[in-house]
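[1] predicted structure and sequence below. I'll ask about it afterward.
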Amino acid sequence: NAYHKLESMADIIVIEGAGSPAEINLKENDIVNMGLAELLDVPVLLAGDIDRGGVFAQLYGTVMLLEEKERQRIFGLVINKFRGDKSILQPGIAMIEEKIQIPVLGVIPYMHIDLEEEDSLSERLSPGACQAAPIDIAVVRFPRMSNYTDFFVLESMQGVSLRYISGVLELKNPDMVILPGTKNTISDLKWLRQQGLEAAILRLAAEGKVIFGICGGFQMLGEEISDPFHMEGGGRIAGMGLLPMDTCFGEEKIRTRARGRILNIEGMLQNLSSVSVEGYEIHMGHTTLHSGACPFCMLTESISGEEKTDGCQAGNVYGTYLHGIFDEGEMAGKLIHALGKAKGIDLKNTVPIDLKAYKQMQYDRLAQEIRMGLDIHGVYERMGLK
């Protein structure tokens, strides 16, 4: 169903597999690699990562573990992330082509290109990945953290140090703490408590530091989270108690794009009032504010056109369901200016990058390198394109 929905919208669809197509212990339930290729009757390119070593063994072993009808779908091999002189690969390329009778259609160089990675694999999440700066922002690295790209713009701003932390000693004394999205809110809230991070964040909140939650992190800031349909194991759990609200997990996931503006909020970030925001929501929970509580923003859903309030704010604690909230417009710049003002630092000249333009430049660089390293015309021809 997902494929056919895309098919109605796009001329070309690239189906990216997950992991290896030769995980023979998982094969009977494969819906993302050769199983999907067979279901849709599509050709396959097999890529091997030479940066990890043993690329010829990877390619040979993978092909040999496939069934004959699956092998026939693979029309080309690609060697990815190669460093150095391609000519030294020629003996290996000649041998692998002879052994498995599939041509090597390209050798793609190792590239230093700044694009989002999978959440769990990103080097940005490593301790010590950033340098000290006047404004210090700590993002809690939950075990099941998701959507870390929400903070790309903040990371790129001059004068900002954005750190991912997993323990109390790493937390130190930041100007702002962000609780990001998570794939399992209840389990990661329990982890937060076990690490002693909840108590440390509550102390920072009492000192007047900015605490900002997004999606699952926003849900944790409330009074209670309940799971009557056992979406995350069932039961109830007390929240951090920093925002006057409760969250209940429903049976259907909310998935929508939205845009709107921040309402008249108070606290250190009051300069964000009336700032335009846009992004997307993807969550199971439905959050209800207590009587008299202040929502954070007013949003309009892009598909339904429904207008609704979102998030919550109390003192210097803020929360929203909106992923990508820092990506567009004045949001990131005004946030950093407010944090600087509270420290007596003038950061008026600190502006966020144009994220869309920056991403496009990175993708253009990637595309150009792939065109040079891959027999792109051969790929197009196999797709039935001239």
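    Everything's here; your move. Residues are numbered from 1 along each chain as shown.

[2] do you have the helices of the stretch 151-300 of the chain handy? List them.
    Taking DSSP state H, counting those that start in this stretch to define them, one finds helices in the stretch 151-300 of the chain at 152-156, 168-171, 185-194, 197-206, 216-220.

[3] to Ala133, which of those helices lies closest?
    Nearest to Ala133 among those is helix 152-156 (10.5 Å), distances taken as CB to CB. From N, CA and C alone the C-beta is placed, and that goes for glycine too.

[4] quick one: buried residues of that closest one?
    Across helix 152-156, burial judged by 16 or more other CB atoms under 10 Å covers 152-155.

[5] how about TSV for the helices of the stretch 151-300 of the chain, with mean pLDDT and distance to Ile137 added?
    Output for the helices of the stretch 151-300 of the chain, formatted as TSV (pLDDT from 0 to 100; distance: least, CB to CB, whole Å):
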stretch	mean pLDDT	distance to Ile137
helix 152-156	92	6
helix 168-171	96	11
helix 185-194	97	17
helix 197-206	98	12
helix 216-220	98	13
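
[6] just checking, what packs against whichever helix in the chain runs longest?
    Ordering each helix of the chain by length in residues (DSSP state H) puts helix 355-373 first. Helices and strands touching helix 355-373, by 3 or more CB pairs under 8 Å, 6 or more residues apart in numbering; DSSP states H and E, are strand 104-109, helix 152-156.

[7] would you turn the ones you listed into TSV with distance to Ala47?
    Putting those into TSV (distance: least, CB to CB, whole Å) gives the following:
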stretch	distance to Ala47
strand 104-109	8
helix 152-156	25
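
[8] which of those sits closest to Glu116?
    Taking the helices and strands packed on helix 355-373 one by one with CB to CB, helix 152-156 is closest: 7.3 Å.

[9] list the buried residues in the helix or strand harbouring Ala338.
    Taking DSSP states H and E as the criterion, Ala338 maps to helix 331-342. Of all the residues in helix 331-342, those buried under the rule 16+ other CB under 10 Å are 331-340, 342.

[10] output those as a markdown table; include the columns distance to Asn173.
    Listed next are the buried residues of helix 331-342 as a markdown table, based on distance: CB to CB, whole Å:
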| residue | distance to Asn173 |
| --- | --- |
| Met331 | 24 |
| Ala332 | 22 |
| Gly333 | 24 |
| Lys334 | 23 |
| Leu335 | 19 |
| Ile336 | 18 |
| His337 | 20 |
| Ala338 | 18 |
| Leu339 | 13 |
| Gly340 | 16 |
| Ala342 | 13 |
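
[11] ok, back up a step: relative to Asp364, which of the helices and strands packed on helix 355-373 is closest?
    Distance to Asp364, taken as CB to CB, is lowest for strand 104-109 among those, at 15.6 Å.

[12] just want the angle from the closest one to helix 355-373.
    Using axes from the mean of the first three to the mean of the last three CA atoms, to 10 degrees, one finds that strand 104-109 and helix 355-373 are set 130 degrees apart in direction.

[13] for the protein, what are the low-confidence residue spans?
    Scanning the chain for pLDDT under 70 picks out 118-129.

[14] so which residue of it lies furthest out from the middle?
    For the chain, the residue at maximal distance from the C-alpha centroid (CA atoms, centre = their mean) is Glu98, at 40.5 Å.

[15] in a helix, that one, correct?
    Yes - assigned with DSSP: H, G, I helix; E, B strand; the rest coil, Glu98 falls within a helix.

[16] need the helices of the stretch 151-300 of the chain in a markdown table (columns: distance to His377).
    Compiled in a markdown table, the helices of the stretch 151-300 of the chain are given as follows (distance: least, CB to CB, whole Å):
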| stretch | distance to His377 |
| --- | --- |
| helix 152-156 | 34 |
| helix 168-171 | 50 |
| helix 185-194 | 48 |
| helix 197-206 | 54 |
| helix 216-220 | 45 |
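
[17] any idea which of those helices is most buried?
    Across those, the average number of neighbours (mean count of other CB atoms under 10 Å) peaks for helix 216-220, which reaches a mean of 29.

[18] report all helices and strands that it contacts.
    Helix 216-220 packs on strand 176-179, strand 181-182, helix 185-194, strand 276-289, strand 317-320, going by 3+ CB pairs under 8 Å, 6+ apart.

[19] kindly export it (C-alpha atoms) in PDB.
    The C-alpha atoms that make up helix 216-220 are tabulated as PDB, following Å, rounded to 0.1, in the frame of the first residue of the first chain:
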ATOM      1  CA  GLY A 216       8.000  12.300  23.700                       C
ATOM      2  CA  GLY A 217      10.200  14.700  25.700                       C
ATOM      3  CA  PHE A 218       7.200  17.000  25.900                       C
ATOM      4  CA  GLN A 219       5.000  14.200  27.200                       C
ATOM      5  CA  MET A 220       7.500  13.500  30.000                       C
END
